[in-house]
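Participant: Sharing a model that was predicted from the sequence below.
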Amino acid sequence: MPLPLPLLIALAVVGFAAVFAGLWCGVCLILAQVGGWSALADRYRSAAPPVGTRHASVWGAVGAVEYHGALTVTVGSEGFHLSVSRLFKPGHANLFIPWAAVTAREDRRLLRWENVRLSIGRPPVTTITLRKHILDAGAPG
C-alpha cells in the first residue's frame, strides 16, 4: 500500500533537513581541523565569561580558514577571547588566548584593511589574523 502524498512530502522535508544539518556540521568540523581551531581548543579552550572590549560580527582568520563576520572577539589586558556565531559552532569551542601565548606579531596591510597576524603557542599551533583596530582596542601597550 503506497504512502499518502502529504506523508511522503513530510518525510522528504525531514530527511532533507537531517542530511543538510549533518553535512553542515561536518563542514564546520573540517574547517575547525584545517584552520587549527581544534588544536587551539586543545590548549586554550575557555568556559570563563570574556572580560574586556567586545567586538561582534567581525572578520578574522585562523590558519587558512576565514570567518567573515562570524567571530566575536573580546580583547582584555590578559589576552583575548574568540568565539564563533552559533551557526558555525560545531567544532569551534570558545577560546581564550593569553598574551603570553602570542609568539610573533606581524602587521599586514591588504588594500584598505590593516590586519595583524599572530603566531600562537610554543611550539606554534597556528596563526590568528584579526583587524588591527580590534586587537589594539584592549591590548596592553
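Facilitator: Looks like it came in fine.
Participant: what's the lengthiest helix in the chain packed up against?
Facilitator: Among the segments of the chain that qualify as a helix by DSSP state H, the longest is helix 5-35. Here helix 5-35 is seen to pack against helix 37-44, strand 65-75 when contacts are counted using 3 or more Cβ pairs under 8 Å, 6 or more residues apart in numbering; DSSP states H and E. In short, each C-beta sits where N, CA and C put it, glycine included.
Participant: looking at those, which is closest to residue 112?
Facilitator: strand 65-75 (16.0 Å; Cβ to Cβ).
Participant: Pairing partners for the closest one, with directions?
Facilitator: Strand partners for strand 65-75, identified by DSSP bridges, are recorded as strand 53-62 (antiparallel), strand 79-84 (antiparallel).
Participant: okay, the ones you listed, which one's buried deepest?
Facilitator: Neighbour counts (mean count of other Cβ atoms under 10 Å) averaged over each of the strands paired with strand 65-75 peak at strand 79-84, with a mean of 23.
Participant: now the protein, which segments are flagged as low pLDDT?
Facilitator: 138-141 (pLDDT under 70).
Participant: tell me, what residue is most central in it?
Facilitator: In the chain, the residue lying closest to the centroid (Cα atoms, centre = their mean) is residue 84, at 4.4 Å.
Participant: which residues sit in contact with that residue?
Facilitator: If you count contacts by Cβ atoms under 8 Å, 6 or more residues apart in numbering, residue 84 has them with 67, 70-72, 92.
Participant: how about 7 Å then?
Facilitator: Each residue near residue 84 by Cβ atoms under 7 Å, 6 or more residues apart in numbering is listed here: 67, 70-71, 92.
Participant: gap between it and residue 8?
Facilitator: Remark: distance between residue 84 and residue 8 (Cβ to Cβ, to the nearest Å) = 37 Å.
Participant: got it, and residue 114?
Facilitator: Where residue 8 is concerned, residue 114 sits at a distance of 55 Å (Cβ to Cβ).
Participant: coming back round to it: for the longest helix of the chain, buried residues please.
Facilitator: Burial within helix 5-35, assessed by neighbour count using 16 or more other Cβ atoms under 10 Å, is assigned to 28, 31-32, 35.
Participant: Alright, I will stop here.
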